[in-house]
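Colleague: curious how this folds, go ahead:
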Amino acid sequence: MDRSWGISQMTAADYLFSATFNQQSNYDALAESALSRGVDHFSKGDYERAIGEFRRSIGLSPYSLNTPRSFDLMVQSLLKLDKTGEAITAYKQAIRLDPNNDTYHLSLGNIYFSQNRSQEAFEEYKRAVQLNPVSTTNFYSLGQAALSVGRYQEAEQAFKKVAGMLPGDPDVVFALGQTYRQMGKYNEAVDQLNFAISRKKDFGDAYLELGLAYAGLKEMDKANEQVAALGKIDSTLQADLKDLLYPRQRPRIRLAYNTDGFLPSSGPGTPVSSLDSSLQTPGAAKDFTLHFIFDKEMNPSSVANPFNWNIKRAPGGNSWGGYNWNLPLPATDAAIPLQPIGIVYHQDLLTADVTFRISQNEAGNATIDPSHVMFRFSGKDAYGNAMDFSADEYSGISLVV
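Modeller: Sure, this is the predicted structure:
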């Protein structure tokens, strides 16, 4: 049998393969040179020229081992030039070339996430996890995106997966605690966040989240402890936590003062006539004003409602003593009004001017115990919070209680 034809054909095929291989090798070498030039331009901050070289490298050899680096550096260059749209397009091109490369999906997701396009980032991270389910970075990124779009159970699952891969890692424990806090699982959040802080003492973000978790549990004293702790770590985060806690704090009366003749420091048996000369006349009446300062913005209509204010004689059994020091009331004791006759709230000063009326009796010998006249406010702040019971009353003897 004549085998010359077959041998000839095999030789031609081998030659064709060799030529193709050599040609591709040349392309690979040219692509590598372009990548090297691009890296040089990138290091000098010449991003436009760097982008051109990276594009050339990818075009010459789109399936080489250097292509992922070319795409990565090209995208970095585009982002340096604020060409985010082109950077996204570049990674989409990379995914078309190599759809099973999880790092492309991860990197594209990172761009979306930085642009607050969290749902798109979530989809890319989810695909990265599907392609590479042993990457802690993929799962952690998925958890962050899920948290951002309110998919709390998926965030919890993702962070638990990472926690299993990296047991005790404070950043992962923090992320899980943050998730629980946003889910309203405050006790679980407190446990995770305290553990994260135990592993990383200067973990500012964990202190902030812990403060919010305690606020969710209505444990404001512990929440404010985190504010104090942040004062030694990060003043910016401390200010942030203060701002976040402010709407949740129950309002308090800081202090009260008067600018007329009603002297809260005067004790039992004070003649009403001594409060103002007009009260020397039997049956006369005089309006007095106390100024109350709150520690936060109040609801104006709530403050202005006289039925949210109560004026009474201080009851007995208090550490500061009851009205008339708990002695029987003299027949001359003046009537105490139950509510003020007018309130003016100054929102810019957080101050309420509370006006009330004191009357002289017909005999002209009425007495009063200003130090034990108690004023109580039961309204709400601008955020709907009721008063802090430890600072909703005032009298001259007790001051604010």
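Colleague: show me how this structure divides into domains.
Modeller: Domain assignment for the chain by automatic domain parsing gives 19-248, 253-400.
Colleague: can you put those domains in TSV and add mean neighbour count and mean pLDDT?
Modeller: For glycine as for every other residue, the C-beta is placed from the backbone atoms N, C-alpha and C. Formatted as TSV, the domains of the chain follow (neighbours: other Cβ atoms under 10 Å; pLDDT from 0 to 100):
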stretch	mean neighbour count	mean pLDDT
domain 19-248	18	95
domain 253-400	17	94
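Colleague: residue 353: which element?
Modeller: strand 351-359 (DSSP states H and E).
Colleague: who does that strand touch, helix- and strand-wise?
Modeller: If contacts are counted by 3 or more Cβ pairs under 8 Å, 6 or more residues apart in numbering; DSSP states H and E, strand 351-359 sits against strand 285-294, strand 342-346.
Colleague: hmm, who's touching the last one?
Modeller: Residues from elsewhere that reach strand 342-346, judged by Cβ atoms under 8 Å, 6 or more residues apart in numbering: 298, 300, 303, 304, 305, 306, 309, 351, 352, 353, 354, 355.
Colleague: C-alpha coordinates for that strand, CSV please?
Modeller: Provided in CSV are the C-alpha atoms of strand 342-346 (Å, rounded to 0.1, in the frame of the first residue of the first chain):
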residue,chain,number,x,y,z
GLY,A,342,-50.0,79.5,79.5
ILE,A,343,-46.9,78.0,78.0
VAL,A,344,-44.6,79.4,75.4
TYR,A,345,-42.1,77.0,73.8
HIS,A,346,-38.9,78.4,72.3
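Colleague: angle of that strand against strand 285-294?
Modeller: Interaxial angle, strand 342-346 versus strand 285-294 (axes from the mean of the first three to the mean of the last three Cα atoms, to 10 degrees): 30 degrees.
Colleague: ok, now which ones touch the residue nearest the centre of the chain?
Modeller: Centroid check for the chain by Cα atoms, centre = their mean gives residue 244 as the closest residue, at 5.5 Å. Neighbouring residues of residue 244 by Cβ under 8 Å, 6+ apart: 208, 211, 212, 215.
Colleague: let's see 10 Å
Modeller: Contact analysis of residue 244 by Cβ atoms under 10 Å, 6 or more residues apart in numbering lists 208, 211, 212, 215, 223, 227.
Colleague: how about residue 36?
Modeller: Residues in contact with residue 36 (Cβ under 10 Å, 6+ apart) are 53, 57, 66.
Colleague: name the next helix or strand downstream of the strand holding residue 353, please.
Modeller: On the C-terminal side of strand 351-359, the closest following helix or strand by DSSP H and E is strand 367-368.
Colleague: that's all I had, so thanks and see you.
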